[in-house]
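J.: sequence plus predicted model, see below.
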Amino acid sequence: MSELPGIVIAGASGRMGQMLIQSVLESDKMRLVGALERPGHEWIGRDVGEAMGSQALGVMVYDDPLEPMAKAQAVIDFTAPEATIALSRIASQARAAHIIGTTGMSEDQIARLEPAARHSPIVRAGNMSLGVNLLVQLTKQVAAALDEDFDIEVIEGHHHHKVDAPSGTALMLGEAAAEGRGVDLAQVRDAARDGITGARKRGDIGFSVIRGGDIVGEHEVLFAGAGERIVLKHMATDRALFAKGALRAALWAQDKAPGQYDMLDVLGMRG
């Protein structure tokens, strides 16, 4: 490729979108070629730099992804499930990598990404930080080493604006614990406890959710046995780490075949 890969940022006005835009601008390995927002948003048709309260960048905010995607090698997308599915179709037509940090996607919605993955690479992760992906691997290993005498609880906290629960990262950790034990998470998941719930079922993997203030992201996996507890924990204090991971994924995907990947692939931690 004769020039730096062009990047489009979806959900440009959001906190994560603006962080991603700033990170691309500060990078010497990629260039910003477009920004996307939902139809009717006040940023549509404006220069994204001016919309962010800074100097003009010569990059517009669009509500139709066709024009910016024609110039892009990757789109980074931390939006909403249905918006992500729609964007995956456009990215596949443009043969651009689709980097997905969107959370709250159902199994059916994830399955609807498959047609796009036949034509371009998709990197989808509930969390794009190095530390969290290490935590996922450790959770799987510890769960494999301990039997059901140890109860497993995934505890997560986020800011009060977050709309989905448990977080995508918490579900990643629950899946890792289930995989370590050789079980299906859907069969052992225990969430949303309230009222007289009865005793905890042996072998269940529980989820506890905290929402408040400006918590960026805190995830803990508790293995609680008789007389002892093992706690694995990750705390994020700056959203920039998620942007850094997303940019790394966008660069990694440039020479990859069509298909679905995650951050373990990007970080070389698969296996």
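T.: Alright, I've got the coordinates.
J.: and the helices in the stretch 101-250 of the chain, which stretches?
T.: For the stretch 101-250 of the chain, the helices defined by DSSP state H, counting those that start in this stretch cover 107-111, 114-117, 130-145, 168-181, 185-188, 240-252.
J.: residue 9 contacts residue 36, correct?
T.: Yes - counting by CB atoms under 8 Å, residue 36 is a contact partner of residue 9 at 7.0 Å. Every residue, glycine included, has its C-beta placed from N, CA and C.
J.: for the helices of the stretch 101-250 of the chain, give me TSV that also has distance to residue 26, mean neighbour count and mean pLDDT.
T.: Output for the helices of the stretch 101-250 of the chain, formatted as TSV (distance: least, CB to CB, whole Å; neighbours: other CB atoms under 10 Å; pLDDT from 0 to 100):
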stretch	distance to residue 26	mean neighbour count	mean pLDDT
helix 107-111	31	11	96
helix 114-117	29	16	98
helix 130-145	19	18	95
helix 168-181	25	23	96
helix 185-188	38	13	97
helix 240-252	10	22	95
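J.: right, and those helices - which one's nearest residue 231?
T.: helix 130-145 (10.2 Å; CB to CB).
J.: how far away is residue 100 from residue 29?
T.: Using CB to CB, to the nearest Å, we find residue 100 at a distance of 20 Å from residue 29.
J.: more neighbours: the two, which one.
T.: The neighbour count for residue 100 versus residue 29, taken as other CB atoms under 10 Å, is higher for residue 100 (30 against 12).
J.: residues near the closest residue in space to that one that isn't next to it in sequence, how many?
T.: Leaving aside its sequence neighbours, residue 100 sits nearest to residue 124 (CB to CB, 6 or more residues apart in numbering; 4.1 Å). Applying other CB under 10 Å, we find 23 other residues in the vicinity of residue 124.
J.: who does the nearest residue in space to residue 146 that is not next to it in sequence bridge with?
T.: Spatially, and ignoring its direct neighbours in sequence, residue 146 is nearest to residue 223 (5.8 Å; CB to CB, 6+ apart). Listed beta-bridge partners, residue 223: residue 152, residue 230 (assigned using DSSP bridges).
J.: contacting residues for residue 223?
T.: By CB atoms under 8 Å, 6 or more residues apart in numbering, the contact list for residue 223 reads 142-143, 146, 150-152, 229-232.
J.: mind pulling up the pLDDT for it?
T.: At residue 223, the pLDDT value in this model is 98.
J.: hmm, back to that, need the helices of the stretch 101-250 of the chain in JSON lines (columns: distance to residue 4).
T.: As requested, these are exported to JSON lines (distance: least, CB to CB, whole Å):
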{"stretch": "helix 107-111", "distance to residue 4": "31"}
{"stretch": "helix 114-117", "distance to residue 4": "24"}
{"stretch": "helix 130-145", "distance to residue 4": "23"}
{"stretch": "helix 168-181", "distance to residue 4": "29"}
{"stretch": "helix 185-188", "distance to residue 4": "40"}
{"stretch": "helix 240-252", "distance to residue 4": "10"}
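J.: list the contacts for the closest residue to residue 131 other than its chain neighbours?
T.: Distances taken as CB to CB, 6+ apart put residue 234 closest to residue 131, at 5.0 Å, once the chain neighbours are dropped. Contact analysis of residue 234 by CB under 8 Å, 6+ apart lists 129, 131-132, 135, 217-220.
J.: what about the spatially closest residue to residue 79 that is not a sequence neighbour, neighbour count?
T.: Nearest residue to residue 79, sequence neighbours excluded (CB to CB, 6+ apart): residue 11, at 4.2 Å. Neighbourhood size, residue 11 [other CB under 10 Å]: 25.
J.: give me the pLDDT for residue 11.
T.: 98.
J.: cool, residue 271 as well?
T.: pLDDT for residue 271: 60.
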